[in-house]
Each structure stands twice: as C-alpha cells, then as structure tokens.
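*Asks:* when you get a sec, could you give me coordinates for this:
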Amino acid sequence: MIRKLTALSLLGMAAHSASVQALDFDPSIFTVNGFGTLGAVYSSEDNATYSGPGFNPRGAGGDDRISTDVDSRLGIQVLGKFSSKLTATLQIISEQDYQGKYAPHVEWANIKYEITPDFSVRLGRTAMPSYLFSDSRKVGYAIPWVRAPHEVYDLLPITNSDGLDVSYKFQTGAVGHTLQALYGENVTDINDAFVGKAKHVWGVFDALSVGDLVVKLTYQEQKLYYNTYQTPNPLQAEPAQVEFTALGVHYDPGQYFVGGEWAHLVIEDQLFSRDVEAWYVTGGYRFGELTSYVTVADHNPKTTAFLGGWDTQQRSYALGARWDFMSKFNLKAEYQYVDLPAGSQGLLDVPTDPITFRPTPDYVPGENFSLISLQINFVF
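*Replies:* Numbers count the residues shown, from 1 in each chain. Coordinates of the predicted model:
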C-alpha cells in the first residue's frame, strides 16, 4: 500500500504540473540541480572485493585491483515550488545497482506541505534520516570524506523510505530542534535471488543545533522479510525484528571540523540474528582551498553474520585531503588501512562455498589490507 503512495506522489506532481500548464505554465516554479562523482579505488586485497556500503556486486580487489564502480554516480534533482506551502522533490540517481548496472533509479519522489513555517508533512519516497549525513551521503561534493565511513553507514544501508514523514522545528533556549518522525516501507534488491523487504518502518529523530554544533539522535524499528511480505516462508517463520539506534555529533566553525557517530543494530531472527556496534571519529583542518582530514572507524559485531559463518569485525584508519580547485568542483584523495582481527573478513565481499557458507580456500580471513581512493566531485 505505502509503495503505491510514491507512485501517487509522482502522479500528483504530474497532474499538478498539467493543470498549471493548462492555465498558465510558469517554468520558473521548477529548479533543477545535479551532482556527480567520478571515482577510482585501489585495493591491496586480491582475493576479496571492497564494494563499499550497500549491495554492490563489483568493486576493487577481487574483481579488479582498481575499480571505478564503488563511488561513481550521477544525480539530478528537480524541485517544484507550486505555492508558498506546497513543494515537490524528485531525485534520480544513476549508480551501480545490485546487478552491476547503471540504470537510473528514483531515490526521492515526494510532496511536501508546510502547515506552518515550522511544521511540515511529506508523502512519498524520502531520504531515510538514520545518520548525520543521510541527506548528502551520495553527494561526494558535500561530505567531508571520499565516502561516509563504511563501518557505520553499512549497518543500515537502506537510504530511502516510501511513506509519510512529519517534521517540526522548535527552540528550547539556545538549542534548536528539528524533530522528525516517519512511517513507511522499503524493498531492496540484494541480488537476483534475494530481496530484502522492510515493512512497518518507523522512527523518531531529533537534530539539535547550538551555533556550529549539531547533535543527532536516532531510534528506528522495522520488520524485515526475505523475498516476501508473507510469513511463514521457506526462509522465515516470523519476520525479523530490527532495532537501530544512533548518536551523531559534528562541530564545524569553519577553519576546522571534528565529529563522530555511534550506531547499534540488533536483528532478532532465527537464522540471520545480528548484534553490532559501530563508531567513527573524524577531524579535519582547512588551509585555504585545501582540507586535510583523519578518520578512525570501528565495526564490532557481538554475533557472527550467519549461523556462526563469518566475522565482520574491523577497524580502519584513514588519511585524506580535499582540494577545491575550481568553483563547484573538488578533488579528493584518501589512504585507508583496514585492520582485521584473526578469523575476520571484515566488510569485504568474499567468495563463499554455497554449502558451508565459509570463505573459499583462496581467501585467508584476518589479513589486513589497504585502500587508495581518488575522486572528482561536482555539483551543477
């Protein structure tokens, strides 16, 4: 039902545009913006693949030592302002999908109505506001690093929700609040044979700001189904219960920035139970058009990923720089060293035996590796 609301949002946008055109079409109500990343990643690990957060099948390492598929993308965003209270947003992105293709997909498609300047409602497909950088995680030009820290942002890789969200802004003394609540669902194609379906997704979020300091609090729950919304099925007797909490802090007075995020994911399920904590801390300093930064990130599972099959524990250390070499363009470079404890494959994509789900003999868990990333980011 809720997924139909996204289609209705698009139809509503089209219908409203058609009615405006029939009367007196004014193209100035629409604003078009875009963004893109041309990226390349080198991995020193040649028996497993680094594909980044999400469900990308291709990446650096096992597929190719150097890959352009991890970070490269192109996005277009259209904003329609139909009145002082009614707006609509459509964002389309072309990036590697679960099939390794670059077919464009609709990332956002929603209608927003401002009941008051501080109280608004959106209907349709919106960004899942789980993290500090949820709205901009795909816009390489806007985030401090080459990509959002994998250890944290891969805990909940779902980036959008089809449904309803409500936002309310208010002030308590010197602290500004943006309180948000959502209810929706999401269907994610993981590969040709496996689809994850999240239903009854709800969450509450509070972004607090005091001057240059931003603090974000997150709590979410959802019911996760494998391949069907019906239970029981061959994989599930009951839907998996998912609980996600996060805390993010970012301070940026201009000359420098410091921040970090902590997140905790619990999945209660007969086969795919997970209990994982992750965090990162980061800081950077700006020298004119050049920004240098460091990041330390940690991914620490309390349980293994599948029936005791593998361990994803890892800690990484990254050193990077951003150069704003011309208006609306920047160049980013990053070196990342990933430390894997004995027996852990970390967040690498490792070829596995189809029966035992153990890594194939070519891959040795617990071997550290390095990543070198280079990007050109732009907005228009």
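
*Asks:* quick check: Pro57 touching Ser51?
*Replies:* Yes - judged on C-beta atoms under 8 Å, Pro57 makes contact with Ser51 at a distance of 7.0 Å. Just so you know, the C-beta spots here come from the backbone N, C-alpha and C atoms, and that holds for glycine as well.

*Asks:* and those two? which has more neighbours close in?
*Replies:* Each of Pro57 and Ser51 has its neighbours counted (other C-beta atoms under 10 Å); Ser51 has more, 26 against 18.

*Asks:* on the pLDDT front, check that one for me.
*Replies:* For Ser51, the model assigns a pLDDT of 95.

*Asks:* begin at 23 from here
*Replies:* Got it, first residue is 23 now, which makes that one Ser73.

*Asks:* need the contact list for it.
*Replies:* Contact analysis of Ser73 by C-beta atoms under 8 Å, 6 or more residues apart in numbering lists Pro79, Arg80, Gly81, Ala82, Asp91, Val92, Asp371.

*Asks:* now tabulate these in CSV and tack on pLDDT.
*Replies:* Shown next, in CSV, are the contacts of Ser73 (pLDDT from 0 to 100):
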residue, pLDDT
Pro79, 90
Arg80, 93
Gly81, 95
Ala82, 96
Asp91, 96
Val92, 97
Asp371, 92
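
*Asks:* from these, which land in strands?
*Replies:* Among the contacts of Ser73, the residues falling in strands (DSSP state E) are Ala82.

*Asks:* weed out the non-buried ones from the contacts of Ser73.
*Replies:* Pro79, Arg80, Gly81, Ala82, Asp91, Val92, Asp371 (16 or more other C-beta atoms under 10 Å).

*Asks:* of those residues, just say which sits nearest to Thr313.
*Replies:* Val92 (21.4 Å; C-beta to C-beta).

*Asks:* the stretch 73-222 of the chain: strands as residue ranges?
*Replies:* Counting by DSSP state E, counting those that start in this stretch, the stretch 73-222 of the chain has strands at residues 82-83, 88-89, 95-103, 108-117, 127-138, 141-149, 182-194, 197-213, 216-232.

*Asks:* quick check: closest non-adjacent residue to Asp375.
*Replies:* Thr382 (6.2 Å; C-beta to C-beta, 6 or more residues apart in numbering).

*Asks:* and Tyr315, by the same measure?
*Replies:* Tyr315's closest residue in space is Gly306 (C-beta to C-beta, 6+ apart), at 3.3 Å.
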